[in-house]
Structures are given as structure tokens and as C-alpha cells.
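K.L.:
Structure for this input, please:
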Amino acid sequence: MSLPGQNHWFIRNVIWWRAAASIAWSVLLLPVTTALFVLFSKVSLLHPIQWISESVSLLYGSYVIFSLLMLTGVLLVVGFFNLQYYTVVASIPCTKIALLGKVLHPQQFVHSLVHCTLGMIVAWCASVMIGGRYNYLAYPCSEDESGTIHQMCLNEHHLFFLLAGAFIGYSYSLLGVVRNMNYISFHTVQQYKYLRFKGALPLVVKYSAVESLYLLRNFCILYFFLGKKWSKNPYSTVLQLFEINSVNALDTVTGLLDLSLLYHLWISGAFLLVTWYTTMLLFKIYISEMYSFPVQSAFSEEASECLPTVISSKTPLILKFLALQDLSSLSQHSPSRRQEVFSLSQPGGHPHNWSAICKESLSLIHDLTQRLVGYHEAVSSNGRAKSQSSDKEHKSTTSESSEASGLEELAKTPWVSSMVQTPAVVSLQSYVSPVALAAAFSALSDNLLAFLVQRLAGAQDPFSPWYGSVQSPHVTRRAPKLWSSSTVTESPLSVTPLASPAIAPTPAPPAQTPGFLSLWLQSRQEQVKNFLAKRVLIMYLFSKLPEASSQALFADSQAHIWALEGLSHLIAASYTEDRFGVVQTTFSSILSSMLTLQEAVDKHFKLPHASSKPGRSSFSMEDTTYKTLRFALRAALKTAIYRITSTFGQHIHAVQMTTEHRKRLQQFMEYKE
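P.N.:
Numbering: from 1, shown residues only. All right, here's what the predicted structure looks like:
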């Protein structure tokens with residue numbers, strides 16, 4: 001994604017310099033990678049001395065030097081796109097249609113087009129460095145006795161290299177968006193940049209070699225079926241080159257079984273992927289490096305760069321994440337900086353530093369709690385709506401006598417089945433959103449109040465079994481039932497008042513029937529929905545991906561993990577270091593927020609689609625940290641509460657909290673969670 005706030009001081013002074021340093025290192029490593037590529041492209045195990053001498057002499061050639069300049073420009077463009085498209089919150093599509101929209105996004109189209117072109121440039125550099133039959137796109141194929149060239153022919157091997165480079169470049173871009181390769185994770189254990197790069201470099205080489213094999217296989221299959229129609233003929237026509245029909249053409253089985261061609265193409269693809277993945281690896285290492293923010297400053301001009309101010313910023317996200325990472329670090333390893341957090345302002349004696357840090361951390365915890373609660377309500381409401389829509393003919397009646405108040409018995413007829421259901425009611429029963437639920441409950445309460453008023457006034461319901469002088473013998477009396485337990489999908493218009501049989505009946509109000517146009521539109525809508533629901537492709541595109549909604553819900557949980565760690569370590573340190581008692585002012589709200597979040601997280605993991613165990617990591621350059629953030633959050637939350645309870649011990653009973661929270665906290669005190 002493109003960076004919001006390009007003129008932000010942190011982007012100008014930190015991020016751009018880190019990106020420039022990563023690109024500079026990738027350019028400095030380019031001659032080494034190129035030398036290894038030339039060495040492997042000229043491999044000859046039977047003549048090792050000739051192989052090494054020829055490779056060394058080729059490194060000083062004009063083709064290699066010019067190719068190095070071209071490859072340097074390619075890496076600059078790749079590094080620029082890494083800077084523009086990186087993200088610290090993974091974008092997780094929940095359906096196949098969302099993933100398709102992500103792939104077809106205009107920004108992604110530009111990204112793919114540029115990398116397709118860059119891949120073709122790298123393939124051209126590789127072909128000219130290898131030399132031989134891959135050197136030129138055209139060669140003379142018709143000469144007279146005097147040596148005059150009359151016709152130029154298309155060199156299919158060179159064209160094969162160019163198209164393969166374009167295919168690998170496009171595949172790199174496509175797999176990058178599908179696998180969230182632009183996602184930047186932050187390591188729990190901080191290491192030096194050299195050690196991180198050294199540890200990840202073997203994985204980059206191995207993955208690039210394996211990925212190059214798979215992409216080569218896919219390209220050969222594609223070229224076999226579409227090579228003559230979509231590649232050779234257009235190039236020959238545009239460049240006015242003669243095409244030679246040979247039995248060894250590369251769109252035939254015998255032509256594609258050329259082992260020398262396949263080997264050179266494989267190492268060329270591996271060379272491309274190694275250079276690009278190395279650039280991406282260096283960029284992630286530099287961007288995710290920890291940054292230390294000052295807690296407070298004596299100069300007002302630097303107040304915007306201090307941790308309490310930076311931690312409250314919304315954009316750029318990389319700044320907020322690095323600030324929370326620094327908060328987690330100082331709360332564990334820096335007693336002097338913790339004292340600055342616990343200090344009071346002069347003059348005035350206010351804990352501004354602690355208040356700002358605590359307020360933002362609690363805001364993050366409350367935000368995640370609200371999201372989890374809303375998600376649980378949406379899931380449960382959808383489940384209830386489905387169960388109710390499958391049982392539309394169910395009738396609920398509540399009638400009971402209130403002897404203490406001396407009122408007459410109230411009989412209640414079915415709310416929905418007693419009236420003609422309009423199309424709006426039918427569609428509401430098929431799907432209920434949280435907003436619709438709230439509106440339905442509000443309207444229901446208003447109608448209930450109006451019903452009670454009418455009952456006291458003596459009105460009578462014409463649909464009641466007590467209507468008239470004869471009572472129905474089939475009316476049964478049941479136990480009292482709460483009005484809120486009725487179906488939430490009932491229309492407010494269907495709530496009819498009930499009356500006492502002793503009161504004279506009143507004429508029924510005329511029923512309002514929906515118009516012909518609304519009925520016709522509703523029927524057409526239902527027909528379209530039923531038609532699309534029976535199509536396999538539509539259901540495949542709109543079906544939920546496994547655990548995708550749960551992963552998307554916790555996509556930014558790294559910030560919450562750092563907030564929990566920072567707060568818990570600061571509270572634990574305040575037991576001996578907080579001389580002014582600034583933490584005690586918000587201790588109760590912090591502990592209550594953690595316990596509320598812990599309850600919401602436990603409910604989430606009890607859902608059927610939420611896995612309780614993290615999946616196994618596969619061999620890939622893809623960073624799958626975002627898939628396991630919910631498990632890391634659950635562990636960090638429990639650890640934070642245990643850290644507080646073990647530090648304060650029995651003194652924690654003096655903290656004010658609700659009875660439910662006190663019971664849950666007792667489980668932590670007894671180490672039963």
C-alpha cells in the first residue's frame with residue numbers, strides 16, 4: 001500500500017533512510033550474486049580449469065558490466081515498490097471473490113505490469129551474460145556469396161528467455177499479493193541485522209531455486225499450448241523477422257526437452273528471485289528494527305517525537321507499531337525510562353506520561369474487546385435468524401393470570417402468523433443484521449408499551465381467541481414467557497394488543513397490504529437469490545474461507561500484544577518503583593479491561609470455526625505470523641494477568657471490581673486458568 005502522510009517527520013527521517021540503506025546493501029550484494037550466476041551458467045565439470053578461467057574472463061566483459069548497470073536500476077525500482085506497498089497489518093480476504101478483487105485492484109495491476117517488465121529486463125541480462133545461442137533476438141539466416149544479408153530470422157531461444165522472465169516477474173507479483181509477501185512482522189527476540197540476514201539467506205536461496213522449478217514447469221506448459229499463437233507469430237510480424245519451422249521448435253515436446261535450455265532457464269529464474277527476495281528481506285529487516293523514542297523532553301519542539309505523543313498517533317501505522325514495541329521494551333529492560341513514565345510534571349504534579357500511555361493502551365484493549373463482542377453478536381444473531389427462518393410456522397403463545405394485581409388473564413396469539421406476512425418481514429427473517437436487531441427491539445418495546453396502554457384502556461384485539469362472546473375451547477394456557485424471547489424477526493406491525501373478554505369488541509382496523517410493485521420487486525429478488533444460490537461457481541466465490549474471518553479479526557493484534565505486555569510490566573514494576581502511586585489511579589480499570597478481554601477471547605475460541613491450535617508453518621518465504629496472532633494474543637493476555645496477580649498477591653483483593661471479575665481473577669490467583 002502507499003504510505004499515508006509522506007511528509008511525516010518519521011517517514012522522512014527514519015523510514016526513507018532505512019529503505020535507502022536496504023536498497024544500497026542489495027545493490028552491493030548484486031556483483032556477488034551476478035558472479036555466482038555466471039559461474040553456474042558456464043559450469044563444466046569435465047573441464048574445471050577452463051570453466052573457471054572462462055567465467056572469470058567473462059566477468060570483465062562489457063556485457064556483464066552493462067548488465068550490472070541494468071540490474072542496479074531494476075533493484076532500485078523493486079525497492080521503491082517495496083517501500084510503497086509494505087504493510088504492518090495483513091490484508092486477509094474472507095472470500096474468494098474478495099481475493100479476486102484484491103488481485104484485480106488497479107494498484108495491483110500496476111504492480112504486476114511493472115514487475116512483468118522488470119522480469120523481462122532481468123531475463124535479457126541473463127541471456128546476454130550466458131551468451132551463445134541466447135545472445136540476440138534475430139540472426140542472419142540468408143546470405144549470398146558476397147556475404148550480404150538478405151533476411152533475418154527470429155531466435156526463438158532468446159524470445160523464450162524474455163517471455164519466461166516476464167512470466168516469472170508476473171508470478172512474483174501475483175504470489176506476493178496472494179501470500180501477503182508485503183506484510184512486515186516484528187520479531188519477539190531482537191537480533192542484529194547481520195545475524196538475521198545470515199540466518200534467512202539460506203532459506204531465500206533454497207526457496208528461490210524450488211520456486212523457479214515450479215514456475216519453469218508452468219511456463220513450459222503455457223508455452224507449449226500458446227507459444228506459436230501468442231508469442232512467435234506476433235513478434236515475427238512486428239519485428240519483420242522470418243520464422244523457421246523446425247521439428248525442434250520450442251512449442252513442441254522435443255524442443256522443450258532440451259536439457260541445456262531448461263538448466264539455463266532455471267538458474268536464470270533462480271537468479272531473478274534471489275535478487276528480488278534478498279531486496280525484500282533486507283527491507284523488512286531494516287524497517288522492523290526497533291526504534292527508541294524519548295519518554296519526555298525539555299524542549300517543546302521535540303514533544304511531538306516523545307513516546308506519550310507518538311503512541312497516540314493514528315498514521316502512519318509503522319510509527320504506532322514501533323512506539324508500542326518500544327513501550328514493551330522499556331517496560332521490561334529499562335528502569336531509568338520507567339521512572340520517567342512514573343514521574344510527575346512540574347509544575348502541577350500531574351502524571352501526564354503515564355496517563356497518555358495508559359489511555360492509548362486501554363483504548364486498544366477496549367477496541368479489540370468491542371470488535372470481539374460485535375463479532376460474537378453477529379455470529380449468534382445470524383445463527384438465530386437461520387434457525388428461525390427454517391421454523392417459520394412455529395407459533396408462540398404466552399397467557400398467564402396475574403392474581404396479585406387483580407388483572408384479567410392475558411392471552412397472546414402468534415405475532416407473525418396472526419397477520420399476513422409482508423415481503424419485508426419474509427426478507428427480514430432470512431437475514432438479520434445487528435443494526436436491524438437493535439431497530440427491531442426498539443420498535444418492539446414501543447409497541448409493547450402501546451399494547452399495555454390499550455389493555456388498560458379496554459381495547460380488544462380482533463385476532464384474539466377471546467374476541468366475541470364465545471371462547472375457543474382449543475386455547476391452552478402456558479407458563480409465562482418473556483417478550484424478548486420471541487422471534488426477533490417479527491415485524492413491529494404484527495404486535496397486536498389483547499383485550500379482556502368482558503369488554504365489548506371494537507371494529508378491527510383495516511389491514512394494510514403491500515403494493516403490487518413492491519410485491520413484484522420482492523418476488524424477483526427472491527428468484528434471483530434462489531437462482532444464484534444454486535450455481536456452484538457463485539457459491540464457490542462467495543463462500544467463506546476457512547478461519548479467514550478469525551484471522552482478519554486479529555490482523556492487528558501485534559499492537560494489542562505490545563500494549564498488554566507494556567501495561568503488565570509497568571504495573572508489576574510499580575509495586576516497587578512507583579513512588580507517587582500514579583499507577584494505582586487506573587489499576588482497577590486496567591485489570592477490569594484485561595479480564596473483559598480475556599472473557600471475550602475465550603468465547604471466540606469456543607466458536608466452531610475458530611481453531612484452537614496454530615497451524616504448522618510451511619517451507620515458504622511467506623511470513624505466516626499474522627495467521628497465529630490470535631494464539632499469541634491469548635497467551636500474552638493470560639501471561640499479563642498472571643504477571644500482575646503473582647506480583648501483588650493477596651493485595652489485589654483490595655482493588656475494586658465487579659463480582660464476576662473477582663471470581664475470574666480468583667482463578668488466576670489459584671493458577672487454574
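
K.L.:
Tell me, what's the model's pLDDT at residue 457?
P.N.:
You'll see residue 457 listed with a pLDDT of 42.

K.L.:
same thing with residue 490?
P.N.:
Listed pLDDT for residue 490 reads 38.

K.L.:
swap in residue 141?
P.N.:
The model's pLDDT for residue 141 equals 68.

K.L.:
Same check on the one 10 residues further on?
P.N.:
Predicted confidence (pLDDT) at residue 151: the value is 66.

K.L.:
what's the burial count for residue 192?
P.N.:
Close neighbours of residue 192, defined as other Cβ atoms under 10 Å, add up to 10. Where C-beta positions appear, they are placed from N, C-alpha and C, glycine not excepted.

K.L.:
no, scratch that, I was asking about residue 330
P.N.:
By the criterion of other Cβ under 10 Å, residue 330 has 22 neighbours.

K.L.:
Name the SS class of it, please.
P.N.:
Remark: residue 330 carries the secondary structure label helix [criterion: DSSP: H, G, I helix; E, B strand; the rest coil].

K.L.:
State the phi and psi torsions of residue 94.
P.N.:
Phi and psi for residue 94, reported as degrees, to the nearest 10, are phi -90, psi -10.

K.L.:
One more: residue 183?
P.N.:
The phi and psi values for residue 183, taken as degrees, to the nearest 10, are phi -80, psi 130.

K.L.:
Does it touch residue 627 like I think?
P.N.:
No: the pair residue 183 and residue 627 does not pass the contact test of Cβ atoms under 8 Å, sitting 10.4 Å apart.

K.L.:
and the host helix or strand of residue 25, what does it pack onto?
P.N.:
Per DSSP states H and E, residue 25 falls inside helix 16-41. Applying 3 or more Cβ pairs under 8 Å, 6 or more residues apart in numbering; DSSP states H and E, one finds that helix 16-41 contacts helix 48-59, helix 62-85, helix 106-130, helix 259-287.

K.L.:
now with 10 Å?
P.N.:
helix 48-59, helix 62-85, helix 106-130, helix 193-227, helix 259-287 (3 or more Cβ pairs under 10 Å, 6 or more residues apart in numbering; DSSP states H and E).

K.L.:
which outside residues touch the shortest one?
P.N.:
For helix 48-59, contacts defined as Cβ atoms under 10 Å, 6 or more residues apart in numbering pick out 31, 34-45, 47, 64-65, 68, 129-131.

K.L.:
May I have it exported as PDB, CA atoms only?
P.N.:
Extracted C-alpha coordinates of helix 48-59, given in PDB (Å, rounded to 0.1, in the frame of the first residue of the first chain):
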ATOM      1  CA  PRO A  48      37.200 -27.300 -14.400                       C
ATOM      2  CA  ILE A  49      40.200 -25.100 -15.200                       C
ATOM      3  CA  GLN A  50      38.700 -23.900 -18.500                       C
ATOM      4  CA  TRP A  51      35.300 -23.400 -16.700                       C
ATOM      5  CA  ILE A  52      36.800 -21.100 -14.000                       C
ATOM      6  CA  SER A  53      39.100 -19.200 -16.400                       C
ATOM      7  CA  GLU A  54      36.300 -18.600 -18.900                       C
ATOM      8  CA  SER A  55      33.900 -17.400 -16.100                       C
ATOM      9  CA  VAL A  56      36.500 -15.000 -14.700                       C
ATOM     10  CA  SER A  57      37.300 -13.500 -18.100                       C
ATOM     11  CA  LEU A  58      33.600 -13.100 -18.800                       C
ATOM     12  CA  LEU A  59      33.100 -11.000 -15.600                       C
END
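
K.L.:
Point out where the stretch 351-500 of the chain drops to low pLDDT.
P.N.:
Low-confidence segments of the stretch 351-500 of the chain (pLDDT under 70): 382-500.

K.L.:
no wait, the chain
P.N.:
1-6, 139-152, 227-248, 382-513, 546, 611-619.

K.L.:
can you pull the buried residues of the top helix by length along it?
P.N.:
Using DSSP state H, we find that the single longest helix of the chain is helix 352-389. If you call a residue buried by 16 or more other Cβ atoms under 10 Å, then helix 352-389 has these buried ones: 353-354, 356-358, 360-362, 364-365, 368-369, 372-373, 375, 379, 381, 385, 388-389.

K.L.:
next one: stretch 11-22
P.N.:
11, 14, 15, 18, 19, 21, 22.

K.L.:
Stretch 73-84: which residues count as buried?
P.N.:
For stretch 73-84, by 16+ other Cβ under 10 Å, it's 74, 75, 78, 79, 81, 82, 83.

K.L.:
Based on its surroundings, how many neighbours for residue 582?
P.N.:
For residue 582, using other Cβ under 10 Å, the count is 20.

K.L.:
what's the answer for residue 47, then?
P.N.:
Residue 47 sits with 10 neighbouring residues when counted by other Cβ under 10 Å.

K.L.:
Just read off the phi/psi values of it.
P.N.:
Backbone torsions for residue 47, taken as degrees, to the nearest 10, come to phi -130, psi 70.

K.L.:
got it, and residue 90?
P.N.:
According to degrees, to the nearest 10, the main-chain angles of residue 90 amount to phi -70, psi 140.

K.L.:
Do I have it right that it meets residue 626?
P.N.:
Yes: using Cβ atoms under 10 Å, residue 90 is in contact with residue 626, at 3.8 Å.

K.L.:
Would you mind telling me which of the two has more residues around it?
P.N.:
Using other Cβ under 10 Å, the more surrounded residue of residue 90 and residue 626 is residue 626, with 23 against 20.

K.L.:
separation between the more buried one and residue 608?
P.N.:
To residue 608, residue 626 is 22 Å away according to Cβ to Cβ, to the nearest Å.

K.L.:
Residue 632 too?
P.N.:
The gap separating residue 632 from residue 608 is 22 Å, by Cβ to Cβ.

K.L.:
Same drill for those two, tell me which one is more crowded.
P.N.:
residue 632 (17 against 6).

K.L.:
So the more buried one: helix, strand or coil?
P.N.:
On the basis of three-state DSSP, residue 632 is classed as helix.

K.L.:
what sits against the closest residue to it other than its chain neighbours?
P.N.:
Spatial nearest neighbour of residue 632, excluding adjacent residues (Cβ to Cβ, 6 or more residues apart in numbering): residue 561 at 6.0 Å. By Cβ under 10 Å, 6+ apart, the residues touching residue 561 are 186, 188, 324-325, 328, 364, 554, 629, 632-637, 639-640.

K.L.:
Next, residue 561: secondary structure please.
P.N.:
helix.

K.L.:
Distance of residue 541 relative to residue 96?
P.N.:
5 Å.
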